[in-house]
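# Got a predicted model here, sequence first, then my questions.
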Amino acid sequence: MSDWTEGYIADIGYTFGYYTELNPLRLKLAFLNAGIAFPEVGTACELGFGQGLSANIHAAASMVKWSGNDFNPAQAAFAQELATASESGAQFLDDAFADFCSRPDLPDFDFIGLHGIWSWVNDENRQIIVDFIRRKLKVGGVVYISYNILPGWSPYVPLRHLLTEHAEVIGSDGLGIVSRVDGAIDFATRLLALNPAYARANPQVVERLKQMQGQNRHYLAHEYFNRHWHPMPFSTMAIMLGTAKLSFACSAHYLDYIQEVNLTAEQIKFLKEIPDANFRETVRDFMTNQQFRKDYWVKGARKLSPLERAEGLRDQRVLLIANRADVSLTVKGALGEAEMNKEVYAPILDLLADHKVRTLGEIEQGVRARSVTFAQIVQAVTVLAGSGYLAPAQDEQIVAQAKKHTDKLNAHLISKARSSGEISYLASPVMGGGIAIGRFGQMFLLARMEGKKTPQEWADFTWQIFSMQGQRIQKDGKRLETPEENRTELLAEAQVFEAKFLPVFRAAQIA
């Protein structure tokens, strides 16, 4: 492996994932829930952006000026391609952390994001990152960071070591990383089938390995097979980021604010008795057996008054991004599944079912006759946003400015859907970020761009492109062979798209 990789997997590209927590627009609701002042973000940076899909979507869908790095030149080239297509003006480079973080031409940032990368780099690079944050994050600025933590990862650390050891000792470099991943997983499966004492003491490891067998090999290579892989407790993170004058603000995972689905009444009481905020987070991780944290950290936390918090919450704009009938009131937390109160949620969802952007204050007025309190509205909106049914929305003036960039980026991404389904997100100027849409949906949007007006025309258009490449649709694990079967399935998909999803994509201003 080349020296420039520093032990990081570089001979296979990262997945084309989108991570909504990197969207600065999400800060407002999270910080208001925590009662902390949030910054207006004008400049942002993503360190280790992977394929750069999230960074490009956020750059195109807002007026925020984005910069970022990823030392894999192929991934940086793809990110630059998207930035050129959208004309967002974002600056994405193939610098290593040491080079990027010492560049004199970077602005100071209101927001710096790192998704996952912290757990995969060595100690030297972690120190470079902390120093960069210390020097380049503005006072009042926010860092989003996600990372593997203890105690949740503790049972799996030996398994991960076994997998990487097999890949290095038994695996052959000439066969490539995917082959080495497959070989390591097969070996570990055969080993655990012998019921060793380790598996008996940690029965959850067997289930984790079964899950891995069905996961994307590109993801597994980066998650498990880097030379440097270090889950750490929250307390260690707090010490390291504390040297950059950061303090923990709140979780970026909205459902963490709903204590009732994550903690028992006794656990909540126990936590309230702990005076130190950082130690309280450490103890909470033991209660929930947390494996992966998504956190916001701030340079200079400022508490809001109750009036400021209430006014900020009432000004929060939101959009329903799911079909009303598809919204489940079953929420999953650390304690398992819980049912939300239909008497509270139904009036809110009924009001938002037209997919118009509304403030929480407008929702409060709209459901007043149903005796839903404002506190219940805030919790419901937080749960629905955390479950992916609801999204924060930007001001109309920003939406209008961003749309010219999202239109260009989306046209570029949709064009790629003609040959591949690797990218399943488009940019919404309303949401300031990405919205999930599969390959069929993107092809139907392309058909509409080409002047096709009906589901039948969208299906025929899509089949023509697929058939030219010898591609066939899979249904229930079976390949559909005849043109009639494929057209029938595409028509059914197009009809569902028109009825259920097109209204959402129109509201998000991508259709």
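Received, thanks.

# For the stretch 151-300 of the chain, which segments count as strands?
For the stretch 151-300 of the chain, applying DSSP state E, counting those that start in this stretch gives strands covering 247-251, 292-298.

# Just the buried residues of the first one, please?
With burial defined by 16 or more other Cβ atoms under 10 Å, the residues of strand 247-251 counted as buried are 248-251. Heads up, the C-betas are built off the backbone N, CA and C, glycines and all.

# Kindly report the same for the longest one.
The neighbour-count criterion (16+ other Cβ under 10 Å) identifies 293-298 as the buried residues of strand 292-298.

# likewise stretch 300-314?
Buried residues in stretch 300-314 (16+ other Cβ under 10 Å): 301, 304, 309-310, 312-314.

# Quick one: mean pLDDT for it?
Stretch 300-314 shows a mean pLDDT of 97.

# Remind me what the lowest-mean-pLDDT helix or strand in the chain packs against, helices and strands.
Least confident helix or strand of the chain, by mean pLDDT, DSSP states H and E, is helix 217-224 with a mean of 76. Packing contacts for helix 217-224, counted by 3 or more Cβ pairs under 8 Å, 6 or more residues apart in numbering; DSSP states H and E, involve helix 157-169, helix 177-192.

# between that helix and helix 157-169, how many degrees?
Computed with axes from the mean of the first three to the mean of the last three Cα atoms, to 10 degrees, the direction of helix 217-224 lies at 110 degrees from that of helix 157-169.

# For helix 217-224, C-alpha coordinates in PDB please.
Output of helix 217-224 as PDB, limited to C-alpha atoms (Å, rounded to 0.1, in the frame of the first residue of the first chain):
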ATOM      1  CA  ARG A 217     -18.100  -4.100   1.000                       C
ATOM      2  CA  HIS A 218     -16.900  -0.600   0.300                       C
ATOM      3  CA  TYR A 219     -18.400   0.500   3.700                       C
ATOM      4  CA  LEU A 220     -17.000  -2.500   5.500                       C
ATOM      5  CA  ALA A 221     -13.500  -1.900   4.100                       C
ATOM      6  CA  HIS A 222     -13.500   1.700   5.500                       C
ATOM      7  CA  GLU A 223     -15.300   0.900   8.700                       C
ATOM      8  CA  TYR A 224     -13.300  -2.100   9.900                       C
END
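
# Quick check: buried residues in that helix?
For helix 217-224, by 16+ other Cβ under 10 Å, it's 217-218, 220-224.

# cool, and stretch 427-435?
For stretch 427-435, using 16+ other Cβ under 10 Å, the buried residues are 427-435.

# Keep only those of those that are in strands.
Members of the buried residues of stretch 427-435 lying in strands (criterion: DSSP state E): 427-428, 433-435.

# quick one: which of the residues you listed is nearest C101?
G433 (25.3 Å; Cβ to Cβ).

# Now do the contacts for the closest one.
18, 20, 23, 25-26, 57-58, 61, 391, 427 (Cβ atoms under 8 Å, 6 or more residues apart in numbering).

# which ones among those residues are found in strands?
Per DSSP E, those map to strands at 391, 427.

# Just the buried residues from the contacts of G433, in PyMOL please.
To isolate the buried members of the contacts of G433 in PyMOL, using 16+ other Cβ under 10 Å:
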select buried, resi 18+20+23+25+26+57+58+61+391+427
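
# just checking, D131 touches C101?
Yes - between D131 and C101 there is a contact at 7.0 Å, judged by Cβ atoms under 8 Å.

# who has more neighbours, those two?
C101 (21 against 14; other Cβ atoms under 10 Å).

# For that one, grab phi and psi.
Backbone dihedrals for C101, given as degrees, to the nearest 10, come out at phi -70, psi -10.
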